[in-house]
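Asker: Give me coordinates for this.
(4 chains)
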There are 2 protein chains.
Amino acid sequence: MIVSTQTRAADAASPDGDEPIRIAQVEIRPSEGLAVVAGRAVALSVREFELLSALARRSGHVVAREELFSSVWGGPLRSGDRSIDVYVHKVRQKLEAASPGWSFIHTHIGFGYRFSPEPMA
Amino acid sequence: MIVSTQTRAADAASPDGDEPIRIAQVEIRPSEGLAVVAGRAVALSVREFELLSALARRSGHVVAREELFSSVWGGPLRSGDRSIDVYVHKVRQKLEAASPGWSFIHTHIGFGYRFSPEPMA
DNA sequence: ACGAGGGTTCACACCGCGTTCACGGTCGGT
DNA sequence: ACCGACCGTGAACGCGGTGTGAACCCTCGT
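Answerer: Residues are numbered from 1 along each chain as shown, chains lettered A, B, ... in the order given. The predicted model follows:
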């Protein structure tokens, strides 16, 4: 299923809180700093977890790099900073390792990234 | 910047705002550079997106090549410039891939293009 | 003091974007 | 039928943004 209508459930429900976010086969548990993907527990570092959360909170929507950075790193994005790219890569690896054949984080060049579980082409 | 949601009545008055444009199964989100067609997210480049927006803002009407060019590329259309043709083609491909059996951008030879979702002949 | 793990930066490879060129097809006018 | 104007479409190319592995630090627990 490739529909992007699953944002409603999480949007208004959790301000920024500790409520678990569930999207397709992905479940994110803020209280535990843990993600469960396709039934498998995925260990994430703090940065990785916050990045995934920031994206998943706005599942189906493109999140600008600026916004991602200020949301996860808490400051303005310095030009030349590649931290986001590196961490997107790390999170991608772990998610796809837990659920092969699926892609979760999509690049929108010049804009940012979009979280949306889809079967790979 | 926070966008107010109380501009409903002024929808038609703000053609190039950040308000999403919805026509048939096509939804265009200016703030994200993203289009959603038949429930599928369609990744568009900046040019592709602006072209689609320019056409969709005047859905059902023929938009002259001159006007399209100045609206998307921001200058006068040099004779021999084929950029419009190339990008119309790219956008067509992506839209029709997301919604097979439908055509969205129609050619009006000597005039320009018209956006209007229609089942294919 | 030492090792381990996480975060940041660097360097290089790669790919998508935007532009332009080239070739073909269609349509009208002559 | 020929020609020219116009459009469809694939491909080449330079460039900037992104992917990715590895080095480099910093912090913390032992």
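
Asker: Could you name the helices and strands sitting against the helix or strand that residue A:66 is a member of?
Answerer: In the assignment (DSSP states H and E), residue A:66 maps to helix A:65-72. Where contact means 3 or more CB pairs under 8 Å, 6 or more residues apart in numbering or on different chains; DSSP states H and E, helix A:65-72 is packed against helix A:46-57, helix A:83-98, strand A:112-119. In short, each C-beta sits where N, CA and C put it, glycine included.

Asker: nearest residue to the closest residue to chain B within chain A other than its sequence neighbours?
Answerer: Taking CB to the nearest CB as the measure, chain A has residue A:62 as its residue closest to chain B, at 3.8 Å. Among residues not flanking residue A:62 along the chain, residue B:32 sits closest, at 3.8 Å (CB to CB, 6 or more residues apart in numbering or on different chains).

Asker: Surely that neighbour is in a strand?
Answerer: No. Counting by DSSP: H, G, I helix; E, B strand; the rest coil, residue B:32 is not part of a strand but coil.

Asker: Against residue B:54, how distant is it?
Answerer: 17 Å (CB to CB, to the nearest Å).

Asker: Please tell me I have it right and residue A:48 contacts residue A:93.
Answerer: No. Assessed by CB atoms under 8 Å, residue A:48 is found out of contact with residue A:93, at 9.9 Å.

Asker: These two: who's more crowded?
Answerer: Applying other CB atoms under 10 Å in any protein chain shown to residue A:48 and residue A:93 shows that residue A:48 carries more neighbours, namely 21 against 11.

Asker: which residues touch that one?
Answerer: Neighbouring residues of residue A:48 by CB atoms under 8 Å, 6 or more residues apart in numbering or on different chains: A:87, A:90-91, A:94.

Asker: can you check residue A:102 too?
Answerer: Contacts of residue A:102 by CB under 8 Å, 6+ apart are A:25, A:38, A:95-96, A:117-120.

Asker: quick one: low-confidence ranges for chain A?
Answerer: A:1-17 (pLDDT under 70).

Asker: One more pass at 80, please.
Answerer: Applying pLDDT under 80 to chain A flags residues A:1-18, A:121.

Asker: What about residue A:39, how many residues nearby?
Answerer: With other CB under 10 Å as criterion, residue A:39 counts 9.

Asker: Tell me how far residue A:36 lies from residue B:20.
Answerer: 32 Å.

Asker: how about the helix holding residue A:66 against DNA strand D, any contact?
Answerer: Yes. Applying CB under 7 Å from any atom of the strand, one finds helix A:65-72 touching DNA strand D at residue A:65.

Asker: Between strand A:112-119 and that helix, find me the angle.
Answerer: Interaxial angle, helix A:65-72 versus strand A:112-119 (axes from the mean of the first three to the mean of the last three CA atoms, to 10 degrees): 90 degrees.

Asker: Would you mind listing the buried residues in helix A:65-72?
Answerer: A:65, A:68-69, A:71-72 (16 or more other CB atoms under 10 Å in any protein chain shown).

Asker: how far is that helix from where the chain is centred?
Answerer: Computed by CA atoms, centre = their mean, to the nearest Å, the chain-centroid distance of helix A:65-72 equals 12 Å.

Asker: In contact with residue A:106, which residues?
Answerer: So residue A:106 contacts A:113-116, A:118, B:41, B:43 (CB under 8 Å, 6+ apart).

Asker: Kindly state the beta-bridge partners for it.
Answerer: With DSSP bridges applied, residue A:106 shows beta-bridge pairing to residue A:114.

Asker: how near is it to DNA strand D?
Answerer: Between residue A:106 and DNA strand D the computed distance is 8 Å (CB to the nearest atom of the strand, to the nearest Å).
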